[in-house]
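Chemist: Fold the following.
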Amino acid sequence: SGSFVQTLVLTDVASGWTECAPLLVREQKLLSEVLTELRRRLPFDLLGFDTDNDSVFLNETVRDYCQEAGIAFTRCRPYRKNDQAFVEQKNGAVVRRIVGYRRLEGLEAAAALAQLYATVRLFVNFFQPSFKLAAKERDGARVRKRYHRPATPCQRLLADPRTPEPVRAALAQTYARLDPVRLLSKMRMAQQRLVDIADRSGTPSVVVADPSLDRFLSGLRTAWKEGEIRPTAQAKPKQKRGRRRPDPFALVTKELQAWFDEEPWRTSSELLERLQAERPGQYPDQLLRTLQRRLKIWRKEKAHAMVFGAMQFEPAIDPMTN
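Modeler: The predicted structure is shown next:
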């Protein structure tokens, strides 16, 4: 169906700091420009760039770019996606969970996705704590893992002695002026715009007004009652299990049900014997289990009609009167 908007995800291994940016098309020159923009947003200098074996990364353009910028350019081993476990985890926990699985195309969708990521980077890096593995021990088939206390990427940078003092001051200043509730409100509105663009089918664009912060806060009190509240989330429809084989009683279903209505106390074995007597050689004994399931459904329907059908026509009686 042509090209679609993709996401470039950068994850710092030491702190977990994550930056996301949309890619309008898969092109190496565009990747270099987006990488330059992300380097400006990072609170620290980009010293190394480790990628997977995608052709959009492994090319002369990206190699020359890293050489000119003094960035160590490395890649993972072929056919070993576990080498990129840090960024793959963010692909699921951040990108797919926040953006969803809709198909995004065109400049408008890319711009809306960029606005969403501008809010996401602040909300995730400053207010979303995560676990970080401290040690792993293997005892035979059992693996024991120990984790550090949950912390946000900002907290890990502030606690790391390698972080320069200007970076600490900038992070503290940014954190002081952020409001997580306001960020969450902006994120929900950006998600809704993204959904409207993705689900639109040739209709003109509709501008949705941003709700006030008080209205958003009042909605949070009852949002948990409605289940999933992310606009980008899509509920998976339940798959109904249909019949895999042709119905062996398709030609005699009405006749069997008529026998059942006349004598509902008859067992499935008795109905099958009667059917075999009238149509010899057509319905073997192996169909007994199928007929038992059919009678179970009919008995349930008849019992429901006997109980609830009769109650609908009974007059209301006051228990205090005779």
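Chemist: And the closest residue to residue 287 other than its chain neighbours, which helix or strand is it part of?
Modeler: Distance criterion Cβ to Cβ, 6 or more residues apart in numbering; nearest residue to residue 287, sequence neighbours excluded, is residue 248 at 5.5 Å. Glycine gets a C-beta too; all of them are placed from N, C-alpha and C. Residue 248 belongs to no helix or strand when assigned by DSSP states H and E.
Chemist: Residue 119 too?
Modeler: Applying DSSP H and E as the criterion places residue 119 in helix 106-127.
Chemist: Now that helix: buried residues?
Modeler: Judged by neighbour count (16 or more other Cβ atoms under 10 Å), helix 106-127 contains these buried residues: 109-110, 112-117, 119-127.
Chemist: What pairs with the next helix or strand along the chain from it, parallel or antiparallel?
Modeler: Using DSSP H and E, the helix or strand that follows helix 106-127 in sequence is strand 133-139. Its sheet considered, strand 133-139 pairs with strand 142-147 (antiparallel) by DSSP bridges.
Chemist: and for the partner strand, what are the contacting residues?
Modeler: Strand 142-147 is contacted from outside by 131-138, using Cβ atoms under 8 Å, 6 or more residues apart in numbering.
Chemist: ok, and the most crowded of those?
Modeler: residue 132 (16 neighbours; other Cβ atoms under 10 Å).
Chemist: ok, that one - contacts?
Modeler: Under the criterion of Cβ under 8 Å, 6+ apart, the neighbours of residue 132 are 16, 147-148, 151, 156.
Chemist: could the residues you listed go into a markdown table alongside neighbour count?
Modeler: A markdown table is the format used below for the contacts of residue 132 (neighbours: other Cβ atoms under 10 Å):
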| residue | neighbour count |
| --- | --- |
| 16 | 24 |
| 147 | 12 |
| 148 | 12 |
| 151 | 17 |
| 156 | 20 |
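Chemist: Just those: which are in strands?
Modeler: Among the contacts of residue 132, DSSP state E puts residue 147 in strands.
Chemist: partners of residue 143 in the sheet?
Modeler: In this entry, residue 143 is beta-bridged to residue 138, by DSSP bridges.
Chemist: And for it, the neighbour number?
Modeler: The burial count for residue 143: 9, using other Cβ under 10 Å.
Chemist: What score does it have for pLDDT?
Modeler: At residue 143, the model reports a pLDDT of 94.
Chemist: let's have the chain start at 8 instead
Modeler: Right, with 8 as the first residue, what we last looked at is residue 150.
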